[in-house]
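> What follows is a predicted structure for the sequence shown.
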Amino acid sequence: VLLSISWVILLFLAWFWRREISFHAARTFLTLILNIFFSRIDVVGLQNVPQNGPLIFVANHQNQFVDGLVLFVKAPRNLGFLVAAKSMSRPIIGFFAKCINSIPVTRAQDCAKTGSGFIYSTSEINQFDTTNQIGLTVSGIDTKFSSELSVGDSIMVFNYQNNRKIAFSARVSRVMTNTLLVLESAFRDEQENQLNKFEQLTFQIIPKIEQSEMYNSVFETLESNHCIGIFPEGGSHDRTELLPLKPGVGIMALGAMNNNPNMARVAVIPCGLHYFQGHRFRSRCVIEFGSPLYVPSELVNEYQKNKRSSVAKLMHKVEASLRSVTINVPNYEVLTAIQLARRLYTPQKMRLTIEQQLHLNQRFAAAYAKLKDEPEVHELLTSIKAYSKLLKRLGIRNYKADEIQSKAQLIMKLIYVILVSMLALIPGILLHFPVGVACKILSIKEAKKAVKASTVKIAGRDVIASYKIMTAMVLMPTWYTFLSVLLIFCSGFHWTSIAFLIIIMPLFSYLGILFAEQGIITSRSFKPLILRFLPWYQKEHDQLPNSTRLLTSKVREIVEKMGSKMGEEFWSQRVISKQELDYYCILEDQNQIDIQRIPSLGVLDVW
């Protein structure tokens, strides 16, 4: 009887705390998944996150569902997310989104449908306008504007510029007939470029979505001093700079405080997600939490009179804070050059923390944005790009570019690389090869599909990691089940041995991953070692150390010369002081170091 009562009590408590149990169970499981996929996740700026009060975490969105997992697992506060209703309907994503109490959002672009016929612009400006607001008149061929469109809906058309598909949209002001309508303004893209004149184009209809229920859920969450996570760019992408931010963050923060004047001030926490080949298995990630942006009370008062103006002002502040924790450059070539410049600038013997390296990258990017038109900066960037191509051709990383070894040393190292790579890779290949191949094929297929359906993605790298993880979550248990069946029916082992092997199989699998990772890292030395024996690469190899030293000196010279142009406040708060830099440069020249002689530096972490 007592046992039955105990079971009833346990079941009741489990049902009563079902949300908390599912939340923490999901967090534990997702932490395990991320620790398997990434070799390392570093967190910077935890001290910036308030321990109490309502918070809105805003982050850049460059790795689709993985972004949410990283933010959810590493945030010091429990938070739920605004998740697209389309994603909530997916089996795996939807299940975990519900476990962590996410709020579904119906995105207008997910409800888009192709309109009938074609549209073209007319030469005259909106002749039906009686409100003194200049709009655009659009005519149609075989269109059904009256039945397919309503006031407030948007029309999207696509135009190709420089082999890129650009989306332009405009909101419907009036529907005149089946073949004539009036738009509120000219078609605009995300960079506010206009499209006024065009000939027969197909179009998509984006319906106006009522979001009051979603906003009420957000207001209730914030008024309860809980946290919300959101990606204000609207969708994931693989660009190297932020997309224009959607105004939802400002509406949520100002709307909540306007809805309940007695609640604590809402704080917006900018989160910078930085991936180093984040689409690859066992890559690295750094998440930085920036200083909190508390919603000004004067904007809340203005929100009651002019919602559009107050939201725009707050979004300007949100964008500035998000840019402070992200790296924004025009393309991957410039991003690679900036990271290489940072590594050249930093003395080889100087060990920087993750935070220092991150801030150096951000400062180099900010300096490039401001000084890119300077002749010396342009010349330096050209030299760095050429140096980067040389390193890539030789298969060498820049921090090893000054190593010159004898042929005997090279032969011994080559033998070592081959043996270690084979011993480390074989267990991982035997255990994971079928699943790994399937994950790669399916993720590449989804990336191509995503690029085709998007106007902002470049190569679809932002979806690859997500589909690798989801595919592995389905295939790994299936693969283990298949291996277990083989052990049971084909091995001839005793049942106790079979049970033991099945139980420890996940452990061997994880160890196989770690060994394979080391094997892959070691195998990367194979190409440069082979090239060192080829005579037509010998001259470039011999000249490389001197080229590295000359370019390093040039980078440091330009930094010292141009740094003052960034402003006194920017330049006075150096990540590496002039004294430290000079000291380590001397040690670099002497090829020796004694950390004990610099007690002021303390213990430095290795990245």
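Great, that's in hand. Numbering: from 1, shown residues only.
> Over the host helix or strand of Ile415, what's the mean pLDDT, rounded is fine.
In this structure, Ile415 is located in helix 407-453 according to DSSP states H and E. Averaging pLDDT along helix 407-453 gives 78.
> For the helix or strand following it, name the packing helices and strands.
Going down the chain from helix 407-453, the next helix or strand is helix 461-490, by DSSP H and E. Applying 3 or more CB pairs under 8 Å, 6 or more residues apart in numbering; DSSP states H and E, one finds that helix 461-490 makes contact with helix 18-37, helix 64-74, helix 91-99, helix 407-453, helix 495-523. Where you see a C-beta, it was placed from the backbone N, CA and C, and this is true even at glycine.
> try 7 Å this time
With contacts taken as 3 or more CB pairs under 7 Å, 6 or more residues apart in numbering; DSSP states H and E, helix 461-490 sits against helix 64-74, helix 407-453, helix 495-523.
> what angle do the last one and helix 18-37 make?
Helix 495-523 runs at 50 degrees relative to helix 18-37, counting by axes from the mean of the first three to the mean of the last three CA atoms, to 10 degrees.
> Can I get whatever helix or strand comes next after helix 495-523 in CSV? Just the C-alpha atoms.
Downstream of helix 495-523, the next assigned helix or strand under DSSP H and E is helix 526-531. The C-alpha trace of helix 526-531 is given here as CSV (Å, rounded to 0.1, in the frame of the first residue of the first chain):
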residue,chain,number,x,y,z
PHE,A,526,50.4,15.9,-44.7
LYS,A,527,50.0,18.3,-47.6
PRO,A,528,52.7,20.9,-46.5
LEU,A,529,55.1,18.1,-45.7
ILE,A,530,54.7,16.5,-49.1
LEU,A,531,55.1,19.9,-50.9
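> If you count neighbours, what's buried in helix 526-531?
Pro528, Leu529, Leu531 (16 or more other CB atoms under 10 Å).
> tell me the least confident of the residues you listed?
Taken together, the buried residues of helix 526-531 show their lowest pLDDT at Leu529, with 74.
> Next, work out how far apart that one and Ile411 are.
Separation of Leu529 from Ile411 (CB to CB, to the nearest Å): 9 Å.
> what does Pro434 give?
In terms of CB to CB, Pro434 sits 36 Å off from Ile411.
> which residue sits closest to Phe198 in space, ignoring its chain neighbours?
Sequence neighbours aside, Ser121 is the residue nearest to Phe198 in space, at 5.3 Å (criterion: CB to CB, 6 or more residues apart in numbering).
> pLDDT on the helix or strand where the one you found lies, on average?
Following DSSP H and E, the helix or strand that holds Ser121 is strand 118-125. What strand 118-125 shows for mean pLDDT is 73.
> Outside of stretch 308-321 itself, list whatever touches it.
The contact list for stretch 308-321 (CB atoms under 7 Å, 6 or more residues apart in numbering) reads 58, 245, 247, 249-251, 253-254, 268, 270, 290, 293, 295, 299, 302-303.
> Spatially central residue for this protein, please.
By CA atoms, centre = their mean, the chain has its centre lying nearest to Gln62, at 2.8 Å.
> residues touching the nearest residue to that one once chain neighbours are set aside, list them.
The shortest distance from Gln62 to any non-neighbouring residue, by CB to CB, 6+ apart, is to Asp462 (5.5 Å). Applying CB under 7 Å, 6+ apart, we find Asp462 in contact with Gln62, Asn63, Gln64, Ser236, His237, Asp238.
> What distance do you get for the first one to Leu431?
Going from Gln62 to Leu431 by CB to CB gives 30 Å.
> And for the fifth one?
Distance, His237 to Leu431, using CB to CB: 34 Å.
> These two: which is more packed in?
His237 (25 against 22; other CB atoms under 10 Å).
> so that one makes contact with Phe231?
No. With contact defined as CB atoms under 7 Å, His237 does not count as touching Phe231 (10.3 Å).
> Residues that sit against both of the two, list them.
Shared contacts of His237 and Phe231, defined by CB under 7 Å, 6+ apart, comprise His61.
> any chance of the helices and strands packed on helix 461-490 in JSON lines, with distance to Tyr480 too?
Below are the helices and strands packed on helix 461-490 laid out as JSON lines (distance: least, CB to CB, whole Å):
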{"stretch": "helix 64-74", "distance to Tyr480": "22"}
{"stretch": "helix 407-453", "distance to Tyr480": "10"}
{"stretch": "helix 495-523", "distance to Tyr480": "6"}
